[in-house]
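K.L.:
one predicted model, sequence on top.
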Amino acid sequence: MQTNSNIQFKKQRELGDILTVTFKFIRENYKPLLKLMTSITGPYFLILLAAISYYTYAVAGSPFQAISSGFTNFLFAFLILAAALLLFYAALYGTILHYIKSYTLHNGEVKPKDVKQGVQQDFFKLILLSIISAILIIAGLIVFIIPGIYLIVPLSFASAVLVFKRYSVTESIGYCFELIKDHWWMTFITLLVVWLLVYIIGLVFQMPMLIYMFIKAFTMVQEGSAANPEAFMDWPFMVLNVISSLIQYLLSTITIIAITFIYFNLNEHKNLTGTFETIDNLGNH
């Protein structure tokens, strides 16, 4: 599987360069990457679709209303959704990161067999890493908010460390804090810009649901039923909500690729891996 050109990952980049090269990589690789994502992530995507549909149905009205009317049902729906998200993101992160790993190892050529084997090998480690990272971030937010925000930055690229460095879960977490030393603020700003950009793109795909909500709310006010939130949650709304949620999750592909470039940028600042490889290649020529 040959790509159009070979993008250098092991390179120091500024914020603007990271955004530019992220979309360049997507533009040049979306067909083979989408094919692998469909074959590897597809089953977990269907599980996520079912979980979102069930959760949307279970919390019809609002999560707070669902908790007050039936906490057990809400908790079950929430746990099902959380489990589906863990499976989906482990498969998605694994597919994209191993795609990039194969891309970098073979000078722009991606070997699907290597990607699939890599995802199988790291799947449960990525799930465990996600659980530990979530616990640490939530604990940090509960303690005083700021520690949670601080932890989000290094832990955001722990999966990349696990895949590219072949570290264990705990070693990956520890290495993230080594990479982020002296670069936290710039990394935070870069991540914030990426997340905002993906959020804005996601809003475009949420427009059908937002338009429907506006029309439905206007109609309910005319009919005098605006006080009943359950009347708002009809089947068209639930379908649009599920579709917009799934698109939002798929858009995280952009975030994962950008985070990978951030990881290589930080790793290059620390270890100059790409620079040494370039020097070695010049010597071989």
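P.N.:
Okay, I see it.

K.L.:
next one: Ile96 from Gln12, what distance?
P.N.:
22 Å (Cβ to Cβ, to the nearest Å). Glycine gets a C-beta too; all of them are placed from N, C-alpha and C.

K.L.:
mind listing the helices for the stretch 51-200 of the chain?
P.N.:
Ranges of helices in the stretch 51-200 of the chain, per DSSP state H, counting those that start in this stretch, are 63-69, 71-105, 112-144, 146-155, 158-165, 169-180, 184-223.

K.L.:
winner for burial among the ones you listed?
P.N.:
Across the helices of the stretch 51-200 of the chain, the average number of neighbours (mean count of other Cβ atoms under 10 Å) peaks for helix 158-165, which reaches a mean of 24.

K.L.:
tell me the angle of it relative to helix 71-105?
P.N.:
30 degrees (axes from the mean of the first three to the mean of the last three Cα atoms, to 10 degrees).

K.L.:
just list what helix 158-165 packs against, helices and strands only.
P.N.:
helix 71-105, helix 112-144, helix 169-180, helix 252-271 (3 or more Cβ pairs under 8 Å, 6 or more residues apart in numbering; DSSP states H and E).

K.L.:
looking at it now, give me its mean pLDDT.
P.N.:
Rounded to a whole number, the mean pLDDT of helix 158-165 is 96.

K.L.:
out of everything not next to it in sequence, what's closest to Ile96?
P.N.:
Distances taken as Cβ to Cβ, 6 or more residues apart in numbering place Ile256 nearest to Ile96, at 4.8 Å, with adjacent residues excluded.

K.L.:
just give me the neighbour total for the one you found.
P.N.:
By other Cβ atoms under 10 Å, the residues close to Ile256 number 20.

K.L.:
for it, what are its contacts?
P.N.:
Ile256 sits next to Leu92, Tyr93, Ile96, Leu97 when contact means Cβ atoms under 8 Å, 6 or more residues apart in numbering.

K.L.:
can you pull the contacts of the second one?
P.N.:
This points to Tyr93. By Cβ under 8 Å, 6+ apart, the contact set of Tyr93 is Leu126, Ser159, Ile256.

K.L.:
export those residues as CSV, with columns for distance to Asn267.
P.N.:
Below are the contacts of Tyr93 laid out as CSV (distance: Cβ to Cβ, whole Å):
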residue, distance to Asn267
Leu126, 19
Ser159, 14
Ile256, 16
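
K.L.:
tell me where the model's unsure across the stretch 1-150 of the chain.
P.N.:
Applying pLDDT under 70 to the stretch 1-150 of the chain picks out residues 1-5, 60-70.

K.L.:
make it 80
P.N.:
1-5, 56-74 (pLDDT under 80).

K.L.:
circling back to that earlier point, Phe25: which of the helices and strands packed on helix 158-165 is closest?
P.N.:
helix 252-271 (5.9 Å; Cβ to Cβ).

K.L.:
now the closest one: how far from the chain's centre is it?
P.N.:
13 Å (Cα atoms, centre = their mean, to the nearest Å).

K.L.:
please apply the same query to stretch 183-200.
P.N.:
13 Å.

K.L.:
likewise stretch 6-16?
P.N.:
Using Cα atoms, centre = their mean, the offset of stretch 6-16 from its chain centre is 20 Å.

K.L.:
what do you get for stretch 199-210?
P.N.:
Relative to its chain's centre, stretch 199-210 lies at 17 Å (Cα atoms, centre = their mean).

K.L.:
quick check: Ser130 touching Leu87?
P.N.:
No: Ser130 is beyond contact range of Leu87, at 10.0 Å (criterion: Cβ atoms under 8 Å).

K.L.:
which neighbours do the two have in common?
P.N.:
Counting by Cβ under 8 Å, 6+ apart, Ser130 and Leu87 have no shared contacts at all.
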